[in-house]
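Peer 1: pasting the structure only:
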Ligand SMILES: C[S@@+](CC[C@H](N)C(=O)[O-])C[C@H]1O[C@@H](n2cnc3c(N)ncnc32)[C@H](O)[C@@H]1O
């Protein structure tokens, strides 16, 4: 952790009124929630040097691995937040972030745990505060019940759904798709990958 400390946003809450100040410029800002070991964010940031990224991860053990990957790749457009996505709930930074990526988040299978799902309406409220009008959530999962829950949640919230697929890797939207660690694991087991985009009103 010490060697990559420069990549960590230690005072993240101080940016609650203007997320763009993390980088101090007006470049497009995208956020990944639950980046795990960081393969996705590293490849994404390499492919899009003009975009700035913030990756939020609550598990410090995997966060360190993600930070090491970004450091080894010599990228200057990724910063990390150590903590829960709930930290965003106090942010008032509308019109600052263009895209939120949620990849293979925990399904929280029991219905009494539904509020913990990162696609629950409570989280959609939080994302609304930090996204630009017309901002997007890009969502991938291997879990069919979670996918169905999420489609309903996005739709009930009034988001426009796009590029919905029950088999991402055999769909037209696989072009340019960057596989996450979990995505590779599940797909090697023959499981289809579910994916969609949910777009906030402009
Ligand atoms: C199943 S793993 C998937 C990791 C990676 N996205 C991938 O696809 O390989 C889910 C990750 O999200 C993180 N996570 C889950 N809920 C979170 C939350 N509320 N805030 C931040 N990170 C979260 C977990 O710690 C874990 O690393």
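Peer 2: Looks like it arrived, so ask away. Please read all numbers here as calculations on a predicted model, not as lab measurements.
Peer 1: Quick one: end-to-end distance for stretch 175-190.
Peer 2: Taking Cα to Cα, to the nearest Å, the span from the opening residue of stretch 175-190 to its closing residue is 19 Å.
Peer 1: Quick one: check stretch 2-16 for contact with the ligand.
Peer 2: No - Stretch 2-16 stays clear of the ligand (Cβ under 6 Å from any ligand atom), getting no nearer than 12.1 Å. Bear in mind the C-beta positions are built from the backbone N, C-alpha and C, glycine included.
Peer 1: List the buried residues in that stretch.
Peer 2: The neighbour-count check on stretch 2-16 (16 or more other Cβ atoms under 10 Å) flags 4, 7, 8, 9, 12, 15, 16 as buried.
Peer 1: of all the residues you listed, which two lie farthest apart?
Peer 2: For the buried residues of stretch 2-16, the maximum inter-member distance is 23.9 Å, found between 4 and 16 (Cβ to Cβ).
Peer 1: Now do the helices in this structure.
Peer 2: Using DSSP state H, the helices found in the chain span residues 39-47, 60-72, 121-130, 144-156, 181-188.
Peer 1: quick one: the strands in this protein?
Peer 2: 29-33, 52-57, 78-82, 97-103, 131-141, 160-165, 194-199 (DSSP state E).
Peer 1: And those strands: which comes nearest residue 148?
Peer 2: If we rank these by Cβ to Cβ, the stretch that ends up nearest is strand 194-199, at 8.8 Å.
Peer 1: and the closest one, what's its mean pLDDT?
Peer 2: With pLDDT averaged residue by residue, strand 194-199 scores 98.
Peer 1: what angle do that strand and strand 160-165 make?
Peer 2: Here the directions of strand 194-199 and strand 160-165 differ by 160 degrees (axes from the mean of the first three to the mean of the last three Cα atoms, to 10 degrees).
Peer 1: can you tell me which residues contact residue 89?
Peer 2: Neighbouring residues of residue 89 by Cβ atoms under 8 Å, 6 or more residues apart in numbering: residue 126.
Peer 1: For the protein, what lies in contact range of the ligand?
Peer 2: Looking at the ligand, the residues of the chain close enough under Cβ under 6 Å from any ligand atom are 33-36, 56-59, 62, 84-85, 103-106, 180-183.
Peer 1: re the thing from before, of all the helices of the chain, which one comes closest to residue 198?
Peer 2: Between residue 198 and those, the tightest spacing by Cβ to Cβ is seen for helix 144-156, at 3.9 Å.
Peer 1: what comes up buried for the closest one?
Peer 2: Neighbour counts over helix 144-156 (16+ other Cβ under 10 Å) mark 146, 147, 149, 150, 151, 153, 154 as buried.
Peer 1: Please apply the same query to stretch 61-73.
Peer 2: For stretch 61-73, a neighbour-count test (16+ other Cβ under 10 Å) marks 62, 63, 64, 65, 66, 67, 68, 69, 70, 71 as buried.
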